[in-house]
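Enquirer: pasting the structure only:
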């Protein structure tokens, strides 16, 4: 999988990780991938809901240490 944009939202709390992701996605083309890193434990729930509501695909989510990693496919 080719990651087109890397976004680091570590240290930011809800709703900033989602808002920054939404802004980044608006500048992307359909079919591109964005990887988002976050330390906000609520981000797991937030990114699942965001993907459902916007139609973007949550391709992958994982945890590495205290970071949550999300990969979204732009619709």
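Expert: Looks like it came in fine. The shown structure was predicted, so the numbers you read here are calculated from the model rather than taken from an experiment.

Enquirer: now the strands for this structure?
Expert: All strands of the chain, identified by DSSP state E, fall at 5-8, 33-38, 57-64, 67-73.

Enquirer: Now distance to residue 46 too, for the ones you listed, in TSV please.
Expert: For glycine as for every other residue, the C-beta is placed from the backbone atoms N, C-alpha and C. Formatted as TSV, those follow (distance: least, Cβ to Cβ, whole Å):
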stretch	distance to residue 46
strand 5-8	14
strand 33-38	9
strand 57-64	11
strand 67-73	9
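
Enquirer: Which among those is found nearest to residue 47?
Expert: Evaluated with Cβ to Cβ, these place strand 67-73 nearest to residue 47, the distance being 4.8 Å.

Enquirer: Averaged pLDDT, the closest one. What do you get?
Expert: Here strand 67-73 scores 98 as its mean pLDDT.

Enquirer: re earlier: would you reformat the strands of the chain as TSV and include mean neighbour count and distance to residue 24?
Expert: Output for the strands of the chain, formatted as TSV (neighbours: other Cβ atoms under 10 Å; distance: least, Cβ to Cβ, whole Å):
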stretch	mean neighbour count	distance to residue 24
strand 5-8	14	5
strand 33-38	20	6
strand 57-64	12	15
strand 67-73	20	9
